[in-house]
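Undergrad: fold the following.
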Amino acid sequence: MLFGFCLFYLFMRDRNLFLTRFLAVLALTIGGCLPSNAASDGDFQACRDHVLLGAPGGGGTALCRLGFALSFNGATKVADWTSTRLTAAHLVTRVGRSDNFRMDSDLAPDHRARRSDYRGSGYDRGHLVPAAAMAWHARAMSESFLLSNIAPQVGPGFNRGIWRHLETSIRRWVRRRGSLIVVTGPLFEATPTERIGDGAVAVPSHFFKIAYDPARTDAIAFILPNQRIATPALGRYLVSIDEVERRSGLDFFARLGDGTEAALEARVQPAPWPTTPRKP
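TA: Numbering: from 1, shown residues only. Next up is the predicted model:
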């Protein structure tokens, strides 16, 4: 009875988001008994370099871009996750920032976010895969401004503060380490979920970002609240990958061996990785 009450409460709190998450969990629970549209590895053959260790799942539309992969959630109108493999070669600036925010025509019309949804909302159009990491190619830069790669973010102190600081740190880590797989996405934990615009784009309560170093079998993970943060102290927001999986319902790096995956995902880094090169 208590379980049924909890389900009813969650349903009344945010029906669209509840139904999306509930159906995804149900499909995973009963295996082949129901068809599932969860984004799987086979959906990302055109951009498999960005999901080398497996697609994290999600019940959305799989989209391949030149510089990243993503699974888009038509109920929230925000990607469940994005994943990009960055190397030092990708950090060479060849094109300028395009700023051509636009709806993604690869999505069903009723799933698309539009520029008008953000207009006057009080939120920034925040990148999940940052434009600054896509400056190596004009198409990669342009595709980073598709609204499927965008989520409502608090501007001062977050998108224009600690989030930018984290993105910059990751690019420095790529230069230092040579290559990283970076997975980013939203969490919706506020009650009720705020929506903006006529398209009812959901506003995340938090964002996660995971960086995996394949050469060292090392990873670092963060969950940041979508709010103004006075001091960009990244160490306060370090978490385990297990924590991100628990709160997002996703499964990261499934192609690692079970023992390796378990050890990697249980660990919380004691501090952010250094961004300065090691001395010889």
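Undergrad: which residues does Val92 contact?
TA: 135-136 (Cβ atoms under 8 Å, 6 or more residues apart in numbering). The C-beta positions use only the backbone N, C-alpha and C, and glycine is treated the same way.
Undergrad: rerun at 10 Å
TA: Neighbouring residues of Val92 by Cβ atoms under 10 Å, 6 or more residues apart in numbering: 135-137.
Undergrad: helices along the protein, start to end?
TA: Under the criterion DSSP state H, the chain contains helices at 2-13, 15-29, 115-118, 138-143, 163-177, 241-248, 258-266.
Undergrad: count of neighbours near Arg172?
TA: Counted with other Cβ atoms under 10 Å, the neighbours of Arg172 add up to 15.
Undergrad: spatially nearest residue to it (excluding sequence neighbours)?
TA: Once flanking residues are discounted, Arg172 sits nearest to Thr275: 4.0 Å by Cβ to Cβ, 6 or more residues apart in numbering.
Undergrad: thinking again about what came up before, tabulate the contacts of Val92 (CSV), appending distance to Ser98.
TA: Compiled in CSV, the contacts of Val92 are given as follows (distance: Cβ to Cβ, whole Å):
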residue, distance to Ser98
Ala135, 10
Trp136, 13
His137, 11
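Undergrad: just among the residues you listed, which is most surrounded?
TA: Neighbour max across these (other Cβ under 10 Å) = Ala135, 21 neighbours.
Undergrad: ok, now which ones touch the nearest residue to it once chain neighbours are set aside?
TA: Distances taken as Cβ to Cβ, 6+ apart place Thr93 nearest to Ala135, at 4.4 Å, with adjacent residues excluded. Residues in contact with Thr93 (Cβ under 10 Å, 6+ apart) are 132, 135-136, 141.
Undergrad: quick check: domain ranges of this protein?
TA: 1-36, 38-266 (automatic domain parsing).
Undergrad: hmm, back to that, looking at the helices of the chain, which one has the lowest mean pLDDT?
TA: If those are sorted by mean pLDDT, helix 15-29 sits at the bottom with a mean of 42.
Undergrad: against Gly59, how distant is Pro214?
TA: 27 Å (Cβ to Cβ, to the nearest Å).
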